[in-house]
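S.K.: pasting the structure only:
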């Protein structure tokens, strides 16, 4: 029996099949988010520009990009899982099936199904003389088959969870504003993908607005409070890049995370209770914060969508004020103020926020 398991272990290792929470939960999810950016997100931005400036070709290009969402996610996941070329290329069909059958929860269905299809494809890759037939057949058969069997249920479950969160936020905007903002903001800074989580759950509306607030609190918060150590390079790297850069410093001194978390706990309910700040663009934008200003572009796209649907008369000065306060001003001021207090009492010391840029 021990020899049997040893043989299996040797086989899996030779095929680069590694059952690992990091590979599936971090690497694959992060790659899935990039696939979403390169299809749905950029397509939405392009089509919005086309609509705003009445350029039909941009609208058409944007729609083409959005139609490739499923394949783009699956191929990105396959790349992260280090699949051989024939498996990687075959995942386009798998992603298309899982995303279309998964409905609103398509991204989560694509993630789960693609992992199984990728590992099945790797298991048979280059084991026969007709690899060019066997490997794509197994990859697509497993992936499409599981999509038919699993994707509708996975999509429905993800959609139900997302809907429950959004419903709870509408019902209890203060409490859920705090929870969603803090938790999604924490996810953004951790080495996992907050964007993929928001996309998988279809987190939009008032809950999406709270998620944007939490992400901005972490990015702008760390950027501003560490300006003393990291200057302009750190400001832009964290404010327009990612607060994940501070993860090493957080491990050394978790107290440096207190100011951005406090900021997110404040800006979340400000977004939900005071400004009714909503994300009605692509759900993936809810987990992006100020990274490339994608969160703000998503909010703006939502405004345009609402105007087109007749649920919003137009973009007002209050809308822009809300975005400026929630996404930039309050995170900067609150994080800086709390950080100064923690520096005075010795919880945050010199160079605790220093980055190697």
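M.R.: Okay, I see it. Since we're looking at a predicted model, the values are computed, not measured. Residues are numbered from 1 along each chain as shown.
S.K.: point out where this structure drops to low pLDDT.
M.R.: Scanning the chain with the threshold set as pLDDT under 70 gives 1-2, 4, 357.
S.K.: burial of the nearest residue to residue 297 once chain neighbours are set aside, as a residue count?
M.R.: The shortest distance from residue 297 to any non-neighbouring residue, by CB to CB, 6 or more residues apart in numbering, is to residue 45 (5.8 Å). Glycine gets a C-beta too; all of them are placed from N, C-alpha and C. Other residues near residue 45 come to 22 when the count uses other CB atoms under 10 Å.
S.K.: list the contacts of residue 45.
M.R.: Residues in contact with residue 45 (CB atoms under 8 Å, 6 or more residues apart in numbering) are 62, 297, 301.
S.K.: any idea which of the residues you listed has the most stuff around it?
M.R.: Within the contacts of residue 45, neighbour counts (other CB under 10 Å) peak at residue 301, which reaches 23 neighbours.
S.K.: pretty sure that one is touching residue 48, no?
M.R.: Yes. Contact between residue 301 and residue 48 holds when scored by CB atoms under 8 Å: they sit 4.8 Å apart.
S.K.: what comes up buried for the host helix or strand of residue 102?
M.R.: Assigned by DSSP states H and E, residue 102 belongs to helix 85-102. The neighbour-count check on helix 85-102 (16 or more other CB atoms under 10 Å) flags 86-102 as buried.
S.K.: related to what we said a few turns ago, is the residue nearest to residue 297 in a helix, a strand, or coil?
M.R.: Three-state assignment for residue 45 (DSSP: H, G, I helix; E, B strand; the rest coil): helix.
S.K.: start at 29 instead
M.R.: Okay, residue one is now 29; in that scheme the one you just asked about reads as residue 73.
S.K.: taking helix 113-130 as reference, get the angle to whichever strand or helix holds residue 161.
M.R.: Assigned by DSSP H and E, residue 161 belongs to helix 159-199. Angle between the axes of helix 159-199 and helix 113-130 is 40 degrees (criterion: axes from the mean of the first three to the mean of the last three CA atoms, to 10 degrees).
S.K.: before we move on, the earlier item: tabulate the contacts of residue 73 (CSV), appending distance to residue 297.
M.R.: Output for the contacts of residue 73, formatted as CSV (distance: CB to CB, whole Å):
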residue, distance to residue 297
90, 34
325, 24
329, 24
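S.K.: with respect to residue 278, which of the residues you listed is nearest?
M.R.: residue 325 (27.9 Å; CB to CB).
S.K.: so which strand or helix has the closest one?
M.R.: helix 322-337.
S.K.: which strands and helices sit next to whatever helix or strand comes next after that helix?
M.R.: Using DSSP H and E, the helix or strand that follows helix 322-337 towards the C-terminus is helix 345-352. For helix 345-352, the packing partners by 3 or more CB pairs under 8 Å, 6 or more residues apart in numbering; DSSP states H and E come out as helix 322-337.
S.K.: which parts of the helix it packs on are buried?
M.R.: 322-334.
S.K.: go on, stretch 307-321?
M.R.: Buried positions in stretch 307-321, judged by neighbour count with 16+ other CB under 10 Å: 307-319.
S.K.: measure it end to end?
M.R.: End-to-end distance for stretch 307-321, by CA to CA, to the nearest Å: 14 Å.
S.K.: what's the offset of that stretch from the middle of its chain?
M.R.: From the chain centre to the centre of stretch 307-321 is a distance of 8 Å (CA atoms, centre = their mean, to the nearest Å).
S.K.: one more: stretch 115-133?
M.R.: Relative to the centre of its chain, stretch 115-133 is centred 18 Å away, using CA atoms, centre = their mean.
S.K.: also stretch 301-312?
M.R.: On CA atoms, centre = their mean, the centre of stretch 301-312 falls 16 Å from the chain's centre.
S.K.: ok, now stretch 146-159?
M.R.: For stretch 146-159, the distance to the chain centre is 31 Å (CA atoms, centre = their mean).
S.K.: ok so, going back, what's the helix holding residue 130 packed up against?
M.R.: Counting by 3+ CB pairs under 8 Å, 6+ apart, helix 113-130 packs on helix 97-108, helix 134-152, helix 159-199.
S.K.: pull out the buried positions in the shortest one.
M.R.: When you say that, I think you mean helix 97-108. Taking 16+ other CB under 10 Å as the criterion, helix 97-108 shows 97, 98, 99, 100, 101, 102, 103, 104, 105, 106, 107, 108 as buried.
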